[in-house]
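Engineer: give me coordinates for this.
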Amino acid sequence: MSLERLIGRLQAVNDLSPMERDQLLGLPIKLKQFADGEYILREGDTATHCGAVVSGYVFRQKIVGSRSQILALYVPGDIPDLHTLHLPRMDHDLCSVGPSTVAFIPHSDLHSLLTSSAPLTHVFWRDTLTDGAVFREWVAVLGTLSALSRIAHLFCELAFRLEVVGLLRNNSFEFPFTQQNMADACGLSVVHVNRMVQELRSRGLIEWKKGEVLLLNRGELETLAEFNADYLHIDDDTRRI
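Structural biologist: As a prediction, this is how the structure comes out:
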């Protein structure tokens with residue numbers, strides 16, 4: 001049952017048949033738990049498995065000089081290292097933020113499945129293309145939006161993605177991030193992040209305490225963030241409200 005979040009997310013944007021669902025559920029997996037800040041893969045590692053996030057959060061990170069830049073965030077149901085099927089040598093790190101559980105699938109089994117199933121090959125190809133679309137959005141956000149809007153955008157994106165996999169409850173979600181994590185994701189200093197979070201609170205847009213974020217006015221937050229979810233390529237009809 002550990003791949004149910006993955007299958008649910010893929011089902012949200014693809015018409016998976018019962019046979020294709022069974023094929024995915026039949027993949028051999030090995031579950032591993034990670035602590036906050038623990039590396040799943042390091043730059044220079046050669047991957048032999050792809051990991052599906054079962055619980056918690058994972059981020060993609062690149063160290064540039066003395067600074068860490070978070071390049072992407074992954075939630076339950078995501079496969080952050082699907083690219084290693086064809087590019088096995090890591091050119092960045094994958095880390096856990098807060099505790100997480102990852103289901104590892106051997107490359108050999110994924111290759112066999114995709115060789116035998118054209119529909120699933122298209123499903124995973126679409127997934128990697130969507131990942132590229134998210135990268136483009138992050139570059140645009142970092143390059144054009146104000147600090148306040150960048151942070152708002154991150155909250156909006158996570159809420160939308162967690163909603164798809166059933167992990168958004170009354171506009172609230174678990175968020176084990178530190179302000180340093182937020183700084184690394186948004187290209188800001190910790191001091192600047194703290195000021196912007198206080199600004200969002202003072203405007204009555206969010207609450208963030210005890211590892212949980214509540215979006216108090218999601219529509220206004222999305223306006224501030226200039227958030228348009230088209231880049232996630234998820235039909236509104238598939239969102240679990």
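
Engineer: ok, for residue 62, nearest residue in space, not its chain neighbours?
Structural biologist: With sequence-adjacent residues excluded and distances taken as CB to CB, 6 or more residues apart in numbering, residue 62 is closest to residue 92, at 4.7 Å. Just so you know, the C-beta spots here come from the backbone N, C-alpha and C atoms, and that holds for glycine as well.

Engineer: list the residues that contact that neighbour.
Structural biologist: Counting by CB atoms under 8 Å, 6 or more residues apart in numbering, residue 92 touches 43, 60-62, 71.

Engineer: how close does it sit to residue 59?
Structural biologist: Using CB to CB, to the nearest Å, residue 92 is found at 10 Å from residue 59.

Engineer: so which bits of stretch 93-108 are buried?
Structural biologist: Residues 93-98, 100-105, 107 are the ones in stretch 93-108 that count as buried (16 or more other CB atoms under 10 Å).

Engineer: isn't residue 73 up against residue 57?
Structural biologist: Yes: assessed by CB atoms under 8 Å, residue 73 is found in contact with residue 57 at 6.2 Å.

Engineer: who's more crowded, these two?
Structural biologist: residue 57 (24 against 21; other CB atoms under 10 Å).

Engineer: before we move on, back to that, which among the contacts of residue 92 count as buried?
Structural biologist: Among the contacts of residue 92, those buried by neighbour count (16+ other CB under 10 Å) are 60-61, 71.

Engineer: in strands, which of those appear?
Structural biologist: 60-61, 71 (DSSP state E).

Engineer: just give me the closest of those residues to residue 154.
Structural biologist: residue 71 (12.7 Å; CB to CB).

Engineer: what sits against that closest one?
Structural biologist: 59-62, 92, 135, 138.

Engineer: identify, from these, the entry nearest to residue 39.
Structural biologist: Nearest to residue 39 among the contacts of residue 71, with distances taken as CB to CB, is residue 61, at 9.1 Å.

Engineer: so how far is residue 147 from that closest one?
Structural biologist: 20 Å.

Engineer: check residue 7 too.
Structural biologist: Using CB to CB, one gets 37 Å for the distance from residue 7 to residue 147.

Engineer: the chain: helices as residue ranges?
Structural biologist: With DSSP state H, the ranges of helices along the chain come out as 4-13, 18-25, 107-116, 118-144, 147-164, 179-186, 190-202, 218-225.

Engineer: what angle separates the helix or strand of the chain with the lowest mean pLDDT from helix 118-144?
Structural biologist: The least trusted helix or strand in the chain, going by mean pLDDT, DSSP states H and E, turns out to be helix 4-13, with a mean of 89. Inter-element angle recorded for helix 4-13 and helix 118-144: 90 degrees (by axes from the mean of the first three to the mean of the last three CA atoms, to 10 degrees).

Engineer: which secondary structure elements does helix 4-13 sit against?
Structural biologist: helix 18-25, strand 49-64, helix 118-144, helix 147-164 (3 or more CB pairs under 8 Å, 6 or more residues apart in numbering; DSSP states H and E).

Engineer: which helices and strands does the second one pack with?
Structural biologist: It refers to strand 49-64. helix 4-13, strand 30-34, strand 67-74, strand 93-106, helix 107-116, helix 179-186.

Engineer: also the third one?
Structural biologist: Of the remaining helices and strands, those touching helix 118-144 by 3+ CB pairs under 8 Å, 6+ apart are helix 4-13, helix 18-25, strand 67-74, helix 107-116, helix 147-164.
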